[in-house]
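Participant: curious how this folds, go ahead:
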Amino acid sequence: MSRIGRKPVAVPQGVAIELQGSTVAVKGPKGELRRTFHPEMQLALADNQVTVARPSEDKRHKALHGLTRTLVQNMVDGVAKGYVKTLEIQGVGYKAEAKPYGVNLIVGYSHPVKYEAPKGIKISVENNTLVRVEGADKEIVGQVAAELRQVRPPEPYKGKGIRYQGEQIRRKAGKTGAK
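Facilitator: Down below sits the predicted model:
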């Protein structure tokens, strides 16, 4: 059984938290996040720590307890340090170009693929093959990285495509040829 919900969330220096009922607003050097949680979860701020309490030992309340605490922790970490996902582009002629609106991907289609970054997300490109997605909201950073990967997922025969940095692609053997 998980006991994550019982741990208090420490608020680091330079991060401000506002609680208004079940709505939490977190402000820090990397940005500002606001989220409304389930009204049955009780959030409290004391001594630079946020605690989450559940109303009963019901299975649903236990699940919401851990989820709420983890989401608050992600918000605090996001505005304090930020989140980064790095994608690699592999393939002959495959590359990415940073644009003011987001990124332009050239990945083997007859046209370049434009991707517009949502508000609060910064996309940068290093040596045409490394794409860094940065932002304060962990959920949106992961979603943007997944959408970019989906433009050209890595294929198992040659390994060409867009992958997360460090991701291992299972390779398949091709045809052996006629004998």
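
Participant: is it fair to say Leu67 lies in a strand?
Facilitator: No. Counting by DSSP: H, G, I helix; E, B strand; the rest coil, one finds Leu67 to be helix, located in no strand.

Participant: point out where the protein drops to low pLDDT.
Facilitator: The chain contains residues with pLDDT under 70 at 1-2, 177-179.

Participant: where exactly do the helices run in it?
Facilitator: 59-80, 138-151 (DSSP state H).

Participant: tell me which of these sits most buried.
Facilitator: helix 59-80 (a mean of 19; mean count of other C-beta atoms under 10 Å). For every residue, glycine as well, the C-beta is placed using N, CA and C.

Participant: which residues does Leu105 bridge with?
Facilitator: When assigned by DSSP bridges, Leu105 has beta-bridge partners Ala96, Val113.

Participant: again, but for Thr23
Facilitator: Gln20, Thr36.

Participant: format the helices of the chain as a markdown table; extra columns: distance to Gly161.
Facilitator: Putting those into a markdown table (distance: least, C-beta to C-beta, whole Å) gives the following:
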| stretch | distance to Gly161 |
| --- | --- |
| helix 59-80 | 28 |
| helix 138-151 | 8 |
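
Participant: tell me which of these sits nearest to Tyr94.
Facilitator: Evaluated over the helices of the chain, closeness to Tyr94 peaks at helix 138-151, with 10.5 Å, by C-beta to C-beta.

Participant: the inter-axis angle of the closest one versus helix 59-80?
Facilitator: 80 degrees (axes from the mean of the first three to the mean of the last three C-alpha atoms, to 10 degrees).

Participant: can you tell me the closest non-neighbouring residue to the residue nearest in space to the middle of the chain?
Facilitator: Central residue of the chain (C-alpha atoms, centre = their mean): Gly142, 2.8 Å from the mean position. Beyond its immediate neighbours in the sequence, the residue positioned closest to Gly142 (C-beta to C-beta, 6 or more residues apart in numbering) is Lys85, lying 6.5 Å away.

Participant: right, and the one you found touches Glu147 too?
Facilitator: No. Counting by C-beta atoms under 8 Å, Lys85 sits too far from Glu147 to count as a contact (11.1 Å).

Participant: one step back: to Ala98, which of the helices of the chain lies closest?
Facilitator: Proximity to Ala98 (C-beta to C-beta) singles out helix 138-151 among the helices of the chain, at 12.5 Å.

Participant: show me what that closest one is packed up against.
Facilitator: Packed against helix 138-151, as judged by 3 or more C-beta pairs under 8 Å, 6 or more residues apart in numbering; DSSP states H and E, are the following elements: helix 59-80, strand 83-90, strand 102-106, strand 113-116, strand 121-126, strand 130-135, strand 161-164.

Participant: can I get these in CSV including distance to Glu18?
Facilitator: Written out in CSV, the entries for these read as follows (distance: least, C-beta to C-beta, whole Å):
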stretch, distance to Glu18
helix 59-80, 12
strand 83-90, 22
strand 102-106, 31
strand 113-116, 31
strand 121-126, 23
strand 130-135, 21
strand 161-164, 34
